[in-house]
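**Q** Task: produce atomic coordinates for the following.
(chains A and B)
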2 protein chains.
Amino acid sequence: MRVPPGVRPQDFSTALQQFSKAVGPEWVFSSEADVDQYRDAYTPYWNEPEEPIPSAALAPESVEQIQAVLRIANQFKIPLWTISTGKNLAYGGSAPRLSGSVVLDLKRMNRVLEVNEANAYALVEPGVNYFDLYRYIQERGLKVWIDPPDPGWGSPMGNSLDRGGGRTPMRDHFASVCGMEVVLANGDVVRTGMGALPGARTWQQYKYGFGPYVDGIFTQSNFGIVTKMGVWLMPAPEAYRDGTVMVRKHDDLIPFIEILSNLMNSGIVRGTMLLESPLLNYRASQGGGVLDTPGGPTVAEMERLGAEKGLAYWSAELHYWGPRKIIDTQWEYTQEKFASIPGAKFKDGRSYKFPLTPQQLESAPQIALGIPNLSIFSMLQSTAGHLDFSPIVPMDGQTVFDVLKVFGEAYAELGVAPRNQFFALPWSFFPRSFVLLFGFPIEHNVEQNRRTRQVFEKLAQVAADHGWGEYRTHTAFMDLVSSKYSFNNHAMRRLHETIKDALDPNGILSPGKSGIWPKRMRPTKA
Amino acid sequence: MRVPPGVRPQDFSTALQQFSKAVGPEWVFSSEADVDQYRDAYTPYWNEPEEPIPSAALAPESVEQIQAVLRIANQFKIPLWTISTGKNLAYGGSAPRLSGSVVLDLKRMNRVLEVNEANAYALVEPGVNYFDLYRYIQERGLKVWIDPPDPGWGSPMGNSLDRGGGRTPMRDHFASVCGMEVVLANGDVVRTGMGALPGARTWQQYKYGFGPYVDGIFTQSNFGIVTKMGVWLMPAPEAYRDGTVMVRKHDDLIPFIEILSNLMNSGIVRGTMLLESPLLNYRASQGGGVLDTPGGPTVAEMERLGAEKGLAYWSAELHYWGPRKIIDTQWEYTQEKFASIPGAKFKDGRSYKFPLTPQQLESAPQIALGIPNLSIFSMLQSTAGHLDFSPIVPMDGQTVFDVLKVFGEAYAELGVAPRNQFFALPWSFFPRSFVLLFGFPIEHNVEQNRRTRQVFEKLAQVAADHGWGEYRTHTAFMDLVSSKYSFNNHAMRRLHETIKDALDPNGILSPGKSGIWPKRMRPTKA
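**A** Numbers count the residues shown, from 1 in each chain, chains lettered A, B, ... in the order given. Here you go, the predicted model:
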């Protein structure tokens, strides 16, 4: 039997018996085979002593059962690692930060409590995944869209609480959260926002409620267990179109991003954009890299290659949702603005009026149409998982140059193969800034994983040196990333710890999440 | 000498001397005449024993001076009521919740630290008001707009922290906040979001940072003193237009709001809308009221009157910002959608291409064009102030009917004169819900103010009974409104208090703000 750290085996046995009474014996998992299902297949510590392995898992089906679990966990000081569906791909999956934690798996709490078409929102429980919600809406013919991430197997709850992003105008998932129900470590049930008003009529329509607005402190957090969450949906648009903007020269990126930023901040271009470089991709297909490797080709050489092969240096596919004539006008205006860059070219892309024909559906960019799917997996090497390094950088062209150079030099120094430079160009998952998603292969290979960790640590340091911080990270790197957010002797972490100690004095909720450790475990981590 | 409650006069004298050393003697105000400047001219308790009167005021000019003030306040347990510019009109002005508090006036910290045109944001100190920021931008010819509230004399800091609203697409002011610097009660300086990363490059471009996102807990709050705040701006649009939609019949409001809600949630209609009723306004001009007074005219009678006078039952002016051809298309599409309501009529309104001519500027709806002004004051009776009762209600037509009936009956029961029914129709200051702004006259008249308080208490009760809660309230009613947010035996207030006690154990910051009292004062309030 695996046992949580600091808990006597006998106490843990007693606790497991009590957990069985609380949630039903068939929903307590403590055999090695069962518990292994909760290991993270993509951990960079696979089979190493540092790999965090849970001691058990519990699957309550109600708030009352969670409250019963909390009473027991408080009594025996048992750490609980809460997951919704456990599909936090590339950031830790269903495995805890702290080995020996008991996974609190909320998959059985999977009711779609409400979808309101006229006011475009849903109220969901933790175990509802994007497919569930999509199906619920389709079956009832409701004219609202969800915004799934890549891939769509996770849950609106989990993804929003980890502050993930999608592709449509509702892409900033936490920004679309409206109203929560949270069970605190002491078992107290809090409804946030307007939910604090008994019989509230606008719990899912107005976020802030009265007094300090607390929802944010339950994201990337171990301050409470969220059991209900409102999420704003998008009214189903009449039509969709996309189009590609291409520019020839390296330095065209400066006005390119300036125009793009203005269009986005003005609400004309919405949704997520991925900056692409057909030219750098070509070079990558020839065995080179996307990043500026020292000693690589000069800008002039690359521009000559681009002219020769007819390849744009930079391009972006832009997406438009709405009434046909408005989105046509927006795309027309987009082209006018980018036409100020000499040599800019444009290509009309897909264009749909909804509902799609089955044929259209097949070739459609499903995520951008609010349809959850798993096609992203086909992009990854079949035998490996991946782990993301994902810093936030300013939305300007010079920064992209800096990124390519700085990480190119770091990769060169580390000897990372060019084929592992994927996702090195910025995405706009959030308004007003770019996210990079450097992916690293993860295999069940201790030597390679050790190497990946070294690469990650170096990149995190290089990023921090440039004022670029990560928006989210794998459990394995939470302490590392947290340590970079060190302004004024880690004032933010100390603030987090003060709140943590006040809300969870026994330190039972997800110890180590986001680098926040409960008081009783803190000295050993310092 | 006025003295804070529980502080010995001798200690307070010592503290004032130490405050003088900290901020300079000329910035400590303790004479009655000086301190009276901080009274709230619009308090419903004017000259009554319950009117909260400060004991002194301090105006530090830096974070270091605030830290020095906090050391002294902690030592002597002196309550500090923090204001930015103190113009919180209708919600308490510059006066504290607790009589005897020392006003911490941040007006001297009034630097615009940065305005970034390409990424459309500003970084401001508390004392920067909307006019300051507007002038700063105009003087430099920067192509960004601010979003001032009515009236524009307050500060972006104060208004955003109180979660106020404006008129443009950036109208939800807290939603536009990106990155804060906060001084905690213990003097610790925390930078939130990406500001926690030393040398951060995206403090004003990405809100959430790493780990629990805390910005919300410093709004409508007494958990810290915000000393810097990032605010997202809107890229200056090329053009503006507005247009009015009018429908004839009472029940047309149901599809009217459904279409409006869909257009707003789709990003086609942006900015704040005020629902109007030319027909009810006409009745009001004849001495009737806007609300459904019992025994008043029937719907059929009103519709006949509307037909006779050629007056729409419901109308709304909608506003569009952006490139000329996009906003023209949006207005065209808006009309197509509303045309599904039989008899709907449309009127083109103002139409500008920027910059405005001086003549255009004169008749322009300045607030909607991001130009701060004080013209709202001309709407109010010259000798009186006002106080707002402002509940949030669902965005649907049936709710508007309910609102008119429910508050009409309450007003009738209370005997409120129809002329005091102003602002009884909903605004859309926030996405996805409506706000009502019932205004009450406030005069320096004890009897009338007592009456106004009765009206307020009754309306707050009636609203709560219907699941409608206030988004913000005058200091005089903070305990009352907080008491309505009572789900699960006041779980939200207890959560607020737990955080309050952890962050401010001596209870020195703004006691009573939003109904949150520090531990040492709580028993007397229970």
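**Q** who touches the strand or helix carrying A:Gln359?
**A** Secondary structure assigned from DSSP states H and E places A:Gln359 in helix A:358-363. Helix A:358-363 has contacts (Cβ atoms under 8 Å, 6 or more residues apart in numbering or on different chains) with A:350, A:352, A:371. (Glycine included, C-beta is placed from N, CA and C.)
**Q** What about the last one, how many residues nearby?
**A** The number of residues packed around A:Ile371, counting by other Cβ atoms under 10 Å in any protein chain shown, is 19.
**Q** mind checking which helix or strand the nearest residue to it once chain neighbours are set aside is in?
**A** Nearest non-adjacent residue to A:Ile371, counting by Cβ to Cβ, 6 or more residues apart in numbering or on different chains: A:Tyr134, 6.7 Å away. Using DSSP H and E, the element containing A:Tyr134 is helix A:130-139.
**Q** Remind me what that helix packs against, helices and strands.
**A** Counting contacts by 3 or more Cβ pairs under 8 Å, 6 or more residues apart in numbering or on different chains; DSSP states H and E, helix A:130-139 packs against strand A:112-116, helix A:156-161.
**Q** Could you dump those into a markdown table and include mean neighbour count, mean pLDDT and distance to B:Asn116?
**A** As requested, the helices and strands packed on helix A:130-139 are exported to a markdown table (neighbours: other Cβ atoms under 10 Å in any protein chain shown; pLDDT from 0 to 100; distance: least, Cβ to Cβ, whole Å):
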| stretch | mean neighbour count | mean pLDDT | distance to B:Asn116 |
| --- | --- | --- | --- |
| strand A:112-116 | 16 | 98 | 38 |
| helix A:156-161 | 27 | 97 | 28 |
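**Q** Chain B: which of the ones you listed is closest?
**A** Each of the helices and strands packed on helix A:130-139 was scored for nearness to chain B using Cβ to the nearest Cβ, and the closest is strand A:112-116 (9.4 Å).
**Q** Next, the angle from the closest one to helix A:130-139.
**A** Here the directions of strand A:112-116 and helix A:130-139 differ by 50 degrees (axes from the mean of the first three to the mean of the last three Cα atoms, to 10 degrees).
**Q** For strand A:112-116, name the packing helices and strands.
**A** Where contact means 3+ Cβ pairs under 8 Å, 6+ apart, strand A:112-116 is packed against strand A:121-124, helix A:130-139.
**Q** Can I get these in a markdown table including mean pLDDT and mean neighbour count?
**A** Output for the helices and strands packed on strand A:112-116, formatted as a markdown table (pLDDT from 0 to 100; neighbours: other Cβ atoms under 10 Å in any protein chain shown):
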| stretch | mean pLDDT | mean neighbour count |
| --- | --- | --- |
| strand A:121-124 | 98 | 24 |
| helix A:130-139 | 97 | 17 |
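**Q** now these as TSV including distance to A:Gly469?
**A** Converted to TSV, the helices and strands packed on strand A:112-116 look like this (distance: least, Cβ to Cβ, whole Å):
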stretch	distance to A:Gly469
strand A:121-124	30
helix A:130-139	28
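**Q** For the host helix or strand of A:Leu16, the averaged confidence score.
**A** The secondary structure element spanning A:Leu16 is helix A:9-23 (assigned by DSSP H and E). What helix A:9-23 shows for mean pLDDT is 98.
**Q** Write out the residues of the stretch 251-400 of chain A neighbouring chain B.
**A** When proximity is defined as Cβ under 8 Å from any Cβ of the partner chain, the stretch 251-400 of chain A approaches chain B at A:258, A:261-262, A:265-268, A:270, A:322-323, A:325-326, A:329-330, A:332-333, A:392-396, A:399.
**Q** Looking at the residues you listed, which are in strands?
**A** Of the positions in those, A:322, A:392-394 sit in strands, assigned by DSSP state E.
**Q** Roughly how far does A:Gln75 sit from A:Phe19?
**A** Taking Cβ to Cβ, to the nearest Å as the measure, A:Gln75 and A:Phe19 are separated by 11 Å.
**Q** So those two - more neighbours on which side?
**A** Neighbours of A:Gln75 and A:Phe19, each counted by other Cβ under 10 Å, are more numerous for A:Phe19; the result is 26 against 14.
**Q** State whether the more buried one and A:Leu58 are indeed in contact, as I suppose.
**A** Yes: counting by Cβ atoms under 8 Å, A:Phe19 sits close enough to A:Leu58 to count as a contact (5.4 Å).
**Q** what sits in contact with each of those two?
**A** In terms of Cβ under 8 Å, 6+ apart, A:Phe19 and A:Leu58 are both contacted by the residues A:28, A:69, A:102.
**Q** In those residues, which residue is surrounded by the most others?
**A** Counting by other Cβ under 10 Å, A:Val102 has the largest number of neighbours within the shared contacts of A:Phe19 and A:Leu58, with 32 neighbours.
**Q** Skipping adjacent residues, who's closest to it in space?
**A** Leaving out its chain neighbours, the residue that sits closest to A:Val102 by Cβ to Cβ, 6+ apart is A:Ala56, at 4.8 Å.
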